[in-house]
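Asks: structure for the following, please:
(one chain, ligands or ions: 2)
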Amino acid sequence: LRRIIVKVRDGGYPIYIGSGILEKFPAVCEKHGIRSHVVIITDRIVAGIYLDGLVGIMRDAGFRPDVIIIPPGESQKSISRVARIYTELIKMKLRRDETIIALGGGVIGDLAGFVAATYLRGVNLVYVPTTLLAQVDSSIGGKVAINHKFGKNLIGAFYRPVFIFSDIETLKTLPRRELICGLGEVVKYGIIMKKDILDIIEDRDVPSGDNLKIYRKLVEHSANVKSYVVSRDERERKYRMILNFGHTIGHGIEASLNYKKLKHGEAILIGILAESFISVKRGVLPKVDFERIKKIILKISKEIPHKEFDKNSILKHIYLDKKIMNQRLNMFLPVRIGMMRFFDDISFRELSMAIDYIKEVFF
Ligand code: ADP
Ligand code: ZN
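Replies: Numbering: from 1, shown residues only. Ligands and ions are numbered 1, 2, ... in the order given. Okay, here's the model as predicted:
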């Protein structure tokens with residue numbers, strides 16, 4: 001059981017990482033003063049695989065777990081779902097000093113986290129992330145959110161969990177496409193700060209979910225990078241922008257496809273390659289490093305289903321809230337693998353060339 005501390009102003013919270021560690025969960029809860037009555041919020045798919053096990057383990061240890069099961073999917077991050085969950089919590093008599101346990105991927109984490117932050121003005125929150133993306137990204141950093149019909153994550157808050165409990169073994173049952181999505185963020189952490197991540201992915205059969213040892217290392221390294229960055233910059237000042245690497249163009253791609261054909265992590269993989277291209281073209285990223293990044297991205301993204309890109313639509317979405325086309329953008333770019341530098345003069349022409357490049361590579 002490895003422990004990483006996310007340091008934040010006046011305190012911090014731990015991330016526990018290990019493989020097959022679920023039976024240790026009640027002891028960790030006790031250590032953090034979690035009271036007997038807890039409510040586990042999860043989705044139907046995750047419930048089918050892990051809920052009975054967790055509930056049994058909790059009961060055996062003297063806890064009194066209630067359960068709320070919702071359908072899977074991003075559309076659940078809605079105000080109407082939140083309202084229904086409040087009603088259930090009131091019926092279950094969840095008290096202020098009691099705890100909500102978010103068991104599942106990023107959707108459950110964001111939704112249950114939002115509920116925990118607001119119900120009775122805030123109850124204890126514990127994350128048990130079961131997707132690679134949630135283990136390396138969404139559960140770390142203290143953001144909770146739901147969607148509005150005008151946009152994703154428009155309603156939310158900063159809210160810290162008591163702790164995060166990542167059991168790598170849950171990745172065994174994760175669909176391969178979900179694994180690839182998580183790897184998008186993992187590769188990002190490798191390029192911005194942790195060369196070891198790329199060494200691991202380069203030599204191994206990734207994205208296969210069979211070799212859990214590899215994923216344990218990847219999750220540990222990734223959680224370290226993310227918690228380092230958010231520790232340094234809890235409220236999204238400039239430094240946190242380093243985590244946006246791959247996301248300017250990645251978001252443009254996702255949005256140009258109406259968030260339908262590609263998943264977030266898949267679009268980010270492509271965005272990473274595109275933004276690295278800008279860097280190598282500027283002459284700030286060595287060619288050898290770029291070729292390495294390219295090889296790794298192509299290996300992981302082989303199975304990405306959709307590879308047609310509409311350049312004008314992508315550019316339009318990138319500049320959408322900037323009003324002026326041609327305006328220069330801010331961005332961290334890699335200057336070598338593991339090292340980033342901030343630039344405030346990324347031009348329309350560079351973005352345009354980067355999109356031409358990925359169109360050519362993925363054709
Ligand atoms: P993300 O973490 O990528 O934001 P979601 O919370 O939407 O994504 O989870 C993606 C899908 O994977 C959902 O359908 C969810 O039910 C399912 N899922 C989550 N964890 C597991 C797991 N460990 N094994 C199998 N399926 C899972
Ligand atoms: Zn992301």
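
Asks: what's the separation between Ile41 and Tyr228?
Replies: The span separating Ile41 from Tyr228 equals 29 Å under the rule CB to CB, to the nearest Å. Glycine gets a C-beta too; all of them are placed from N, C-alpha and C.

Asks: between the two, who's got more neighbours?
Replies: Using other CB atoms under 10 Å as the criterion, Ile41 and Tyr228 rank with Ile41 on top: 25 against 16.

Asks: ok, for that one, nearest residue in space, not its chain neighbours?
Replies: Distance criterion CB to CB, 6 or more residues apart in numbering; nearest residue to Ile41, sequence neighbours excluded, is Ala112 at 4.0 Å.

Asks: residues touching Leu298, list them.
Replies: Val361 (CB atoms under 8 Å, 6 or more residues apart in numbering).

Asks: in the helix or strand harbouring it, which residues are buried?
Replies: Using DSSP states H and E, Leu298 falls within helix 287-301. Within helix 287-301, the residues that count as buried by 16 or more other CB atoms under 10 Å are Asp289, Phe290, Arg292, Ile293, Lys294, Ile296, Ile297, Ile300, Ser301.

Asks: report the rounded mean pLDDT for the helix or strand in which the residue nearest to Ile41 is found.
Replies: Secondary structure from DSSP H and E places Ala112 in helix 106-118. What helix 106-118 shows for mean pLDDT is 98.

Asks: in terms of contact count, name the helices or strands touching the helix or strand following that helix.
Replies: Heading C-terminal from helix 106-118, the first helix or strand you meet, by DSSP H and E, is strand 124-129. Helices and strands touching strand 124-129, by 3 or more CB pairs under 8 Å, 6 or more residues apart in numbering; DSSP states H and E, are strand 99-104, helix 106-118, strand 163-167.

Asks: the longest one vs strand 163-167, what angle?
Replies: Using axes from the mean of the first three to the mean of the last three CA atoms, to 10 degrees, the interaxial angle of helix 106-118 with respect to strand 163-167 works out to 160 degrees.

Asks: alpha carbons of helix 106-118, as PDB, please.
Replies: Listed next in PDB are the C-alpha coordinates belonging to helix 106-118 (Å, rounded to 0.1, in the frame of the first residue of the first chain):
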ATOM      1  CA  GLY A 106     -14.800  10.100 -13.300                       C
ATOM      2  CA  VAL A 107     -18.500  10.500 -13.800                       C
ATOM      3  CA  ILE A 108     -19.300   9.000 -10.400                       C
ATOM      4  CA  GLY A 109     -16.400  11.000  -8.800                       C
ATOM      5  CA  ASP A 110     -17.600  14.300 -10.100                       C
ATOM      6  CA  LEU A 111     -21.200  13.700  -9.300                       C
ATOM      7  CA  ALA A 112     -20.900  12.100  -5.900                       C
ATOM      8  CA  GLY A 113     -18.200  14.700  -5.100                       C
ATOM      9  CA  PHE A 114     -20.600  17.500  -6.000                       C
ATOM     10  CA  VAL A 115     -23.300  16.000  -3.800                       C
ATOM     11  CA  ALA A 116     -20.800  15.600  -0.900                       C
ATOM     12  CA  ALA A 117     -19.700  19.200  -1.200                       C
ATOM     13  CA  THR A 118     -23.300  20.600  -1.100                       C
END
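
Asks: what angle sits between that helix and strand 99-104?
Replies: 170 degrees.

Asks: can you tell if helix 106-118 touches ligand 1?
Replies: Yes: residues of helix 106-118 contacting ligand 1 under CB under 6 Å from any ligand atom: Gly106, Val107, Ile108.

Asks: out of those residues, which is most surrounded?
Replies: Within the residues of helix 106-118 next to ligand 1, most neighbours by other CB under 10 Å means Ile108, with 29 neighbours.
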